[in-house]
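Asker: Give me a model of this one.
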Amino acid sequence: MVDKVSLTDLAGMTARGERIAVLTAYDAPSARLADAAGVEIVLVGDSAAMTMLGHASTLPVTVDEMLLFTRAAARGAQRALVVADMPFGSFQVSDESAIEHAIRFIQVGQADAVKVEGAGPTLARVRALTGAGIAVMGHLGLTPQSATQLGGLKAQGRAAPAALRLLDDALALERAGCFAVVLEAIPAPVAAAITASVVIPTIGIGAGPACDGQVLVWHDVLGLTAGHVPKFVKPYADLGATILTALTAYVADVRAGTFPEAAHTYAMPEGERRAFDAELKRRRAAPRPQASRGKKRP
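Answerer: Residues are numbered from 1 along each chain as shown. Now for the predicted structure:
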C-alpha cells in the first residue's frame, strides 16, 4: 500500500524548504502518470472545461462533469493528494450549497480536498467548508471564474494597492483555514512577499520562483494545447505533433490496406477452420428462401 500524501506532509515540505510539484489531470491514465512522476498534488482543475470539453472558458463546466473527471483521476492517483476544483456556481450561492457540493466531491468524486477561487465573500465559504471538516485550497490573483470582473485573463496585482490586497487576501485565506493557496499570474515580487508572509504553502502558476510549489496544466506541459499558450507555461514535450504524425500514418495505412497485417489478426485452430469452411460451403450451396413481396424479412 502506497502512503498517501497528507496535508501534514505538505506543511513539512514547506517548513523544510522543499518544493511541491502540482499538475492537473482529468482522467485515470493522466493521474496515474502524474502520480508515477512524483507529483505531490493532482489538481482536477476546472480548466477541464477548455482542455477536455472544448469550451472557451472555465465557466460552462458543471458539477456533474467535474465529478466525473475527479472520480476518474482519483482512481489513477494512488499516492498524490487529489484536489477537486469547485466549478463556477458550486460555492457562490451560499455556505450550505458550498458544503453540499464539496461533500459530493469528497464522497462521490473521491477527492481529498477542494479548491475555491477568490477571497472576500469566499472567505465565509472557506470557513464553512473547513468547519465541516473539508480541506480547502485557496486561489488568488488571476481567478478565471471572475475573469470578466478582473478585465480578462491578464496578470493581477501589478499596482501597489492591488498587490497589497492580494497579500491581505492570502493572510485572510490562511486564517479561514486553507491548507494552501494557488497564486496565479501575479508579479514575482508580490508572490515572494505573500510566500514569506504566510505559513501555508503557496503554489505558483505564473507567479515566479519564490512560491513553495508550482502547478501547470497537463495539456500545456505536454504540448497538447491548441492556440495561445500563456507566457508562464514551459512545455516539456510536443506530443501534439507526435500524436498527429501517428494518426496520419494510421489513416494512410487504413486507406492503403496495409493495416491490419497478419500479426494483428487472430487465427482459428485448423480443425475448427475446416468445420467452419465446410458449413459455410453448405450454406452457400443451399437455395435461399425468397421473401414474400411487400414484406420485409425480420
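Asker: For A49, see how far away the closest residue to R158 other than its chain neighbours is.
Answerer: Closest residue in space to R158, ignoring its immediate chain neighbours: P187 at 6.0 Å, by Cβ to Cβ, 6 or more residues apart in numbering. No exception for glycine: its C-beta is placed from N, CA and C like everyone else's. Counting by Cβ to Cβ, to the nearest Å, the gap from P187 to A49 is 27 Å.
Asker: The two: who's more crowded?
Answerer: Using other Cβ atoms under 10 Å as the criterion, P187 and A49 rank with A49 on top: 23 against 20.
Asker: Report the contact partners of the more buried one.
Answerer: The contact partners of A49, by Cβ atoms under 8 Å, 6 or more residues apart in numbering, come to H55, S57, T58, L59, P60, V61, P87.
Asker: got the contact list for the first one?
Answerer: Residues in contact with H55, defined by Cβ under 8 Å, 6+ apart, are A49, V61.
Asker: cool, E40 as well?
Answerer: The contact partners of E40, taken as Cβ under 8 Å, 6+ apart, are V5, D9, L10, M13, I20, A21, V22, A80, L81, G213.
Asker: Repeat the analysis, applying 10 Å as the threshold.
Answerer: Contacts for E40 were tallied using Cβ atoms under 10 Å, 6 or more residues apart in numbering; they are 5-6, 9-10, 13, 18-23, 79-81, 201, 203, 213.
Asker: Buried subset of those residues as a ChimeraX selection?
Answerer: With 16 or more other Cβ atoms under 10 Å as the criterion, this ChimeraX line picks the buried residues out of the contacts of E40:
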select :5,10,13,20,21,22,23,80,81,201,203,213
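Asker: Identify those among the contacts of E40 that sit within strands.
Answerer: Residues of these located in strands (DSSP state E): I20, A21, V22, L23, L81, I203, G213.
Asker: Please identify the one among the residues you listed that lies nearest to L171.
Answerer: Within the ones in strands among the contacts of E40, proximity to L171 (Cβ to Cβ) peaks at I203, which comes in at 16.3 Å.
Asker: so where's the stretch 101-250 of the chain uncertain?
Answerer: 146-153 (pLDDT under 70).
Asker: can you map out the strands along the stretch 151-298 of the chain?
Answerer: For the stretch 151-298 of the chain, applying DSSP state E, counting those that start in this stretch gives strands covering 180-184, 202-205, 213-216.
Asker: now for these, which one comes closest to A263?
Answerer: The nearest among those, by Cβ to Cβ, is strand 213-216 at 39.0 Å.
Asker: packing partners for that closest one?
Answerer: helix 7-16, strand 20-24, strand 41-44, strand 180-184, strand 202-205 (3 or more Cβ pairs under 10 Å, 6 or more residues apart in numbering; DSSP states H and E).
Asker: Wait, a strand at V114?
Answerer: Yes. Counting by DSSP: H, G, I helix; E, B strand; the rest coil, V114 falls inside a strand.
Asker: Looks like L33 contacts A73 (just checking).
Answerer: No. Using Cβ atoms under 10 Å, L33 makes no contact with A73, being 11.1 Å away.
Asker: With neighbour numbers in mind, choose between these two.
Answerer: Here L33 and A73 are compared on neighbour count by other Cβ under 10 Å; more neighbours surround A73, at 31 against 16.
Asker: Show me what the helix or strand that one falls within is packed up against.
Answerer: Assigned by DSSP states H and E, A73 belongs to helix 63-76. Packed against helix 63-76, as judged by 3+ Cβ pairs under 10 Å, 6+ apart, are the following elements: helix 28-37, strand 41-44, helix 48-51, strand 81-85, helix 95-107.
Asker: Mutual contacts of L33 and A73, please.
Answerer: Taking Cβ under 10 Å, 6+ apart as the criterion, L33 and A73 both touch A25.
Asker: gap between H55 and E65?
Answerer: 10 Å.
Asker: Please read the previous query as pertaining to E279.
Answerer: Taking Cβ to Cβ as the criterion, E279 is separated from E65 by 50 Å.
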